[in-house]
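coordinates only, sequence not included:
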């Protein structure tokens, strides 16, 4: 892949456009604010959202190996594992998933999908998972590219920075993004826009974002504002109000949200607008980071989409 090649021309993606859908609500009109959503979830049904962006340069490196092998990490419901397994199958790369925790009696839909794509799954205790070493992996699997959980690393940031090609730096006054590993956030901070970035952590008490960004090569945080109050109890936690918001949002806008990341961000945006956080004339672009496969972990009938 050429260094400047747009993500949409990758063979996994095809020539898929990424719409920026306007989100019209009476309260937005009353406050004089425009809200749009960059529909990264529309890129692909599996490698949607920010997942393929963070993977693209890791995949490139793995594809140059002989034999080509990619090893990556994640939990039993990881969007990242699902995207990596699919991308590797399409590109002819052997994939190995290191999964946190013991093998469950019943596989999650995510792990079953990964195995269906040909990914080899290895379960690790939490202590072993935290101490994964390249030497041990090379001994067990041979030469490989190791992708940390969530694509965290400089190649992941380089890939996430490609998202900026879909953002007009002169149109929007604010960018909004949910945060897990902070890799996508780091990529956005490398864009040419001067617009403030609102980061909505999906984890409770995520106090290390600054050190994460520094490790990823980002030191200028002047554009960054953390909005830590919409995690709904922690990673992958939810309550009835969040589920109700997702269902009502879909009825009004026909846009599905995932309950781990994007729904929490959008709930926060709606709440902040209602509370007068944004000045009149603000034009906010919210990134839909995909991950809709995670909704399959919810009980049938929970969502109306």
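In hand now; what should we look at? Since the structure is predicted, the reported quantities are computational estimates derived from the model, not experimental observations. Residues are numbered from 1 along each chain as shown.

which ones are touching residue 19?
39, 42 (Cβ atoms under 8 Å, 6 or more residues apart in numbering). Bear in mind the C-beta positions are built from the backbone N, C-alpha and C, glycine included.

switch to 10 Å and redo it
Going by Cβ atoms under 10 Å, 6 or more residues apart in numbering, residue 19 touches 36-40, 42, 166.

The closest residue in space to residue 157 that isn't next to it in sequence and residue 193, how far apart?
Of all residues not flanking residue 157 in the chain, residue 186 sits nearest, at 4.5 Å (Cβ to Cβ, 6 or more residues apart in numbering). Distance of residue 186 to residue 193, given as Cβ to Cβ, to the nearest Å: 14 Å.

which of those two has more neighbours?
Each of residue 186 and residue 193 has its neighbours counted (other Cβ atoms under 10 Å); residue 186 has more, 26 against 20.

My guess is that one contacts residue 220. True?
No: Residue 186 lies out of contact with residue 220 (Cβ atoms under 10 Å); the separation is 11.1 Å.

So for these two, which residues contact both of them?
Residues touching both residue 186 and residue 220 by Cβ under 10 Å, 6+ apart: residue 213.

Give me the secondary structure label for residue 175.
Per DSSP: H, G, I helix; E, B strand; the rest coil, the local secondary structure of residue 175 is strand.

who touches it in this structure?
Shown in contact with residue 175 (Cβ under 10 Å, 6+ apart): 38, 163-164, 167, 169, 185, 188-189, 191, 193, 195-199, 223, 284-287.

So which of the residues you listed belong to strands?
The strands, defined by DSSP state E, take in 38, 197-199, 284-287 from the contacts of residue 175.

For residue 272, see how far away residue 117 is.
Distance, residue 117 to residue 272, by Cβ to Cβ: 39 Å.

my guess is residue 285 contacts residue 170, does it?
No: between residue 285 and residue 170 there is no contact under Cβ under 10 Å: 11.8 Å.

Find residues that contact each of these two.
Counting by Cβ under 10 Å, 6+ apart, the residues touching both residue 285 and residue 170 are 193, 195.

If you count surrounding residues, which of these two has more?
Under the criterion of other Cβ under 10 Å, the comparison of residue 285 against residue 170 puts residue 285 first, with 22 against 9.

In space, what's closest to that one - neighbours in sequence excluded?
Of all residues not flanking residue 285 in the chain, residue 172 sits nearest, at 4.3 Å (Cβ to Cβ, 6+ apart).

residue contacts, the one you found?
20, 34-36, 38, 193, 195-196, 282-286 are the contacts of residue 172 under Cβ under 10 Å, 6+ apart.

Lowest-confidence entry in those?
Here the lowest pLDDT out of the contacts of residue 172 sits on residue 193, with 87.

Isn't that residue up against residue 283?
No: at 11.7 Å, residue 193 does not count as touching residue 283 under the criterion of Cβ under 10 Å.

Now for these two: what residues contact both?
Counting by Cβ under 10 Å, 6+ apart, the residues touching both residue 193 and residue 283 are 171-174.

that older thread, nearest to residue 146 among the contacts of residue 172?
The closest of these to residue 146 turns out to be residue 38 (Cβ to Cβ; 29.6 Å).

end to end, how far does stretch 63-77 reach?
Terminal residues of stretch 63-77 are spaced 26 Å apart (Cα to Cα, to the nearest Å).

Please, where are all the strands along the stretch 101-250 of the chain?
Secondary structure of the stretch 101-250 of the chain by DSSP state E, counting those that start in this stretch: the strands cover 120-124, 145-147, 174-179, 197-201, 224-226.
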